[in-house]
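**Student:** Just the structure for this:
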Amino acid sequence: MARTRSRRYEKAAAKVDRTKRYPLAEGMALIKSLTGPKFDETVDVAVRIGIDAKKTDQLVRGSVSLPKGTGKSVKIAVFADGERAKEALAAGADYVGAADLADKIEKGWTDFDMTIASPDMMRFVGKLGKVLGPQGKMPSPKAGTVTPNVAAAVKEFKAGKIEFRTDAGANVHAAIGKKSFGADDLASNLVAFLDHLRTLRPAQAKGEFIQKVVVSTSMGPGVVLAVE
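**Tutor:** Just a heads-up that it's a prediction; the model follows:
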């Protein structure tokens, strides 16, 4: 059965030339000009990268602080105890715990956006892979979410640091702001994201690494960008 698009989506899509790769400034201005819903949509980027997603040594995962923030309030669950737990709460963590938090999550509770853990807590977190893994919430040293300094990590992610990782199609997805952001701010966030992504190129990756960059709002059409 063919998927039907809303009239608003079709009207916005008609303004996008699907055969064109838009210069960065022009593409961001276009995204902001498209008519959308009344709420402040998230602006997302999808980047096709030149890796073999079937090979684990080529998968890309990391985190980066966006210079203009994300415009999104992030709920963070932290695995820590003692002084680290107090510091995480003081830094703005929404939920903090150890074995008790793991038990709650194991029973299906996932009302948070991301997880941070101190290394000594991984004995509790390790068993949560089946719950947190599919949702992209499993903490990882590569993403900066397994760290002795949980308080600093909480502050960074609350301030606009984002996590990302490769999907099965060799794409990396990230939210780079809100539609209410200025076009220049969205562009600054995107450039920071792409610059950091390039530093994570696996040694085994061949040919062009950043192959295609598409930006879109939550409910809008994709705009392909020409980026170097």
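**Student:** which is the next helix or strand following the lengthiest helix in the chain?
**Tutor:** If you go by DSSP state H, the chain has its longest helix at helix 183-199. Using DSSP states H and E, the next helix or strand after helix 183-199 towards the C-terminus is strand 210-217.
**Student:** what angle separates that next one from helix 183-199?
**Tutor:** 150 degrees (axes from the mean of the first three to the mean of the last three Cα atoms, to 10 degrees).
**Student:** tell me what strand 210-217 is packed against?
**Tutor:** Contacts defined by 3 or more Cβ pairs under 8 Å, 6 or more residues apart in numbering; DSSP states H and E place strand 210-217 against helix 24-33, strand 42-49, helix 183-199, strand 223-226. From N, CA and C alone the C-beta is placed, and that goes for glycine too.
**Student:** In it, which residues are buried?
**Tutor:** Burial within strand 210-217, assessed by neighbour count using 16 or more other Cβ atoms under 10 Å, is assigned to 210, 213-217.
**Student:** Out of those residues, flag the one nearest to Ser73.
**Tutor:** Thr217 (18.3 Å; Cβ to Cβ).
**Student:** OK, contacts around that closest one?
**Tutor:** By Cβ atoms under 8 Å, 6 or more residues apart in numbering, the contact list for Thr217 reads 31, 34, 36, 41-44, 179.
**Student:** now, among those residues, which is nearest to Ala93?
**Tutor:** In terms of Cβ to Cβ, no member of the contacts of Thr217 lies closer to Ala93 than Thr42, at 22.6 Å.
**Student:** That closest one: what's it in contact with?
**Tutor:** Taking Cβ under 8 Å, 6+ apart as the test, what Thr42 contacts is 71-72, 175, 177-179, 217-218.
**Student:** quick one, strands of this protein?
**Tutor:** For the chain, the strands defined by DSSP state E cover 22-23, 42-49, 61-65, 76-79, 95-97, 114-117, 161-165, 171-178, 210-217, 223-226.
**Student:** got the end-to-end distance for stretch 33-51?
**Tutor:** Stretch 33-51 has an end-to-end distance of 34 Å (criterion: Cα to Cα, to the nearest Å).
**Student:** swap in stretch 127-142?
**Tutor:** Termini of stretch 127-142 sit 19 Å apart (Cα to Cα).
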